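Undergrad: Here is the input, now give the coordinates:
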Amino acid sequence: MISKLSVHTPQNAEQLIEMLHQGNRNRTQHPTDANAESSRSHAVFQVYLTQTEHVTGTSAGVRTSKMSFIDLAGSERAASVTSTGARFREGTNINRSLLALGNCINALADYRRKGHVPFRDSKLTRILKDSLGGKCQTVMIAAVSPSSSNYEDTYNTLKYADRAKNIRIEVKRNMVNVDFHISMYGAVLEEYKKKNDELSTRLKQSEVTIKELRDQMSELRRQLENAAPPSVPVLPSKKVPGVPESISQDIKKLYEIRSGLLKEFYDCDCSLRSMELKTRLRDMTFQNCSSLLAVPEVSGDRPEASSNCSSLLAVPEVSGDRPEASSKS
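TA: Purely as a prediction, here's the structure:
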């Protein structure tokens, strides 16, 4: 429909606001005779929300929502501005898209006549199709001027808004009930059993590795005690008069051996602690998988799904319906 659109998945509200600021920076603005900060492009920012109800039994409820924030370009008439060339063509294109939007509003406002709504006349109306004639709630803000010189523009804007408020929309919740077949349920159990067996094998391997590391650390501690007793003096930084060169070299080698053993000892101790933490984590995962395998037999009646998930949107609960977020900007 429109080229160079991008879809992003924000991780928090700050990233969402930054995407909104980035979209505003990409907008085109140019002063005109009627407005010093006239917007010369439409801006559409859409946020998609997907909420999945806590799965209980063999069914789940998925709710999808979309919030659209639209800022239309300035609608100055060509007669009121002295633009030429590219700016004149730009204003013509803006007014053409706004005219197509007005035609759609007129068709939707006349609820007694179920005729064709020309959403495909412009790219703008294609994007706003769900916001105007869909299952949603829509708010339009009309910007007017108290100046008498802008009387005609204010009057036309108010007529535009008056037609828009006559559109009748039936609000509905977009709910999809996902039913899992019993064969899929068995496949999930088989997958958990495989993970359980794999974790058991890795747990045994970790225990063997920990034992080897402990033995290696004990050997390194013994070598360290033999190589560097407390009575060994500190190696002087300069050559001491009267001490043979061979003795100085031997002491230096002893200190090098001691430093190497210390490094190996601390590396081994670090590896041992890391393996112990990993073993604890795997043990906890193993216990969780074991508890998941203890699933009661599924009877012929489907269990009733329950939800502890609170909706991100202030929408009342509807009987028979059951409730992740991606952003499109």
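
Undergrad: ok, which stretches of this protein are strands?
TA: Secondary structure of the chain by DSSP state E: the strands cover 7-8, 43-52, 59-71, 174-179, 325-328.

Undergrad: Note down every partner strand of the first one and its orientation.
TA: Partners of strand 7-8 in the sheet, by DSSP bridges, are strand 325-328 (antiparallel).

Undergrad: Let me have the strands of the chain in TSV, adding mean pLDDT and distance to Arg168 as columns.
TA: All C-beta spots, glycine's among them, are computed from the backbone N, C-alpha and C. Below are the strands of the chain laid out as TSV (pLDDT from 0 to 100; distance: least, Cβ to Cβ, whole Å):
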stretch	mean pLDDT	distance to Arg168
strand 7-8	86	32
strand 43-52	86	23
strand 59-71	81	19
strand 174-179	67	19
strand 325-328	38	27
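
Undergrad: closest to Asn166 out of those?
TA: Set against Asn166 and scored by Cβ to Cβ, the strands of the chain come closest in strand 59-71, at 19.0 Å.

Undergrad: Tell me which of the strands of the chain lies nearest to Met140.
TA: Nearest to Met140 among the strands of the chain is strand 59-71 (9.1 Å), distances taken as Cβ to Cβ.

Undergrad: Dump the strands of the chain to TSV, plus mean neighbour count and distance to Ser97.
TA: Formatted as TSV, the strands of the chain follow (neighbours: other Cβ atoms under 10 Å; distance: least, Cβ to Cβ, whole Å):
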stretch	mean neighbour count	distance to Ser97
strand 7-8	12	23
strand 43-52	17	12
strand 59-71	16	12
strand 174-179	13	27
strand 325-328	15	20
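
Undergrad: Ala164 is nearest to which of the ones you listed?
TA: So among these, strand 59-71 is nearest, using Cβ to Cβ, at 12.3 Å.

Undergrad: Okay, now the unreliable bits of this structure?
TA: For the chain, applying pLDDT under 70 flags the ranges 1, 30-38, 54-60, 75-85, 176-186, 227-248, 250-251, 290-329.

Undergrad: Apply 90 and report the result again.
TA: 1-13, 16, 20-46, 48-329 (pLDDT under 90).

Undergrad: longest helix in it, by residue count?
TA: If you go by DSSP state H, the chain has its longest helix at helix 245-293.

Undergrad: rewinding a little: switch the strands of the chain over to a markdown table; also include distance to Lys159.
TA: A markdown table is the format used below for the strands of the chain (distance: least, Cβ to Cβ, whole Å):
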| stretch | distance to Lys159 |
| --- | --- |
| strand 7-8 | 37 |
| strand 43-52 | 24 |
| strand 59-71 | 19 |
| strand 174-179 | 33 |
| strand 325-328 | 32 |
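
Undergrad: Between those, which one is closest to Glu264.
TA: For the strands of the chain, proximity to Glu264 was assessed by Cβ to Cβ; strand 7-8 is nearest, at 48.3 Å.

Undergrad: burial count for the closest residue to Leu262 other than its chain neighbours?
TA: Spatial nearest neighbour of Leu262, excluding adjacent residues (Cβ to Cβ, 6 or more residues apart in numbering): Leu224 at 6.6 Å. Neighbourhood size, Leu224 [other Cβ atoms under 10 Å]: 17.

Undergrad: who are the neighbours in contact with Leu224?
TA: Applying Cβ atoms under 8 Å, 6 or more residues apart in numbering to Leu224 gives the contacts Arg258, Leu261, Leu262, Phe265.

Undergrad: Separate out the buried members of these.
TA: Arg258, Leu261, Phe265 (16 or more other Cβ atoms under 10 Å).

Undergrad: Reformat those as JSON lines; add distance to Arg163.
TA: Formatted as JSON lines, those follow (distance: Cβ to Cβ, whole Å):
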{"residue": "Arg258", "distance to Arg163": "90"}
{"residue": "Leu261", "distance to Arg163": "87"}
{"residue": "Phe265", "distance to Arg163": "83"}
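
Undergrad: Go through these and say which is closest to Gly115.
TA: Among these, Phe265 lies closest to Gly115 (Cβ to Cβ), at 85.8 Å.

Undergrad: Contact partners for the closest one?
TA: By Cβ under 8 Å, 6+ apart, the contact set of Phe265 is Met217, Leu220, Arg221, Leu224.

Undergrad: Okay, the nearest residue to the third one once chain neighbours are set aside and Arg126: tell me how far apart.
TA: Nearest residue to Arg221, sequence neighbours excluded (Cβ to Cβ, 6+ apart): Phe265, at 6.5 Å. Distance, Phe265 to Arg126, using Cβ to Cβ, to the nearest Å: 70 Å.

Undergrad: which residues of the protein fall in helices?
TA: 13-25, 86-109, 123-127, 129-133, 151-164, 182-227, 245-293.

Undergrad: tell me which residues of the third one are tucked away?
TA: Going by neighbour count (16+ other Cβ under 10 Å), the buried part of helix 123-127 is Leu124, Thr125, Ile127.

Undergrad: residues in contact with the second one?
TA: By Cβ under 8 Å, 6+ apart, the residues touching Thr125 are Ser97, Ala100, Leu101, Cys104, Pro118, Phe119, Leu132.

Undergrad: Report the separation between the residue lying closest to the fifth one once chain neighbours are set aside and Ser149.
TA: This means Pro118. Sequence neighbours aside, Asn103 is the residue nearest to Pro118 in space, at 5.5 Å (criterion: Cβ to Cβ, 6+ apart). Distance, Asn103 to Ser149, by Cβ to Cβ: 28 Å.
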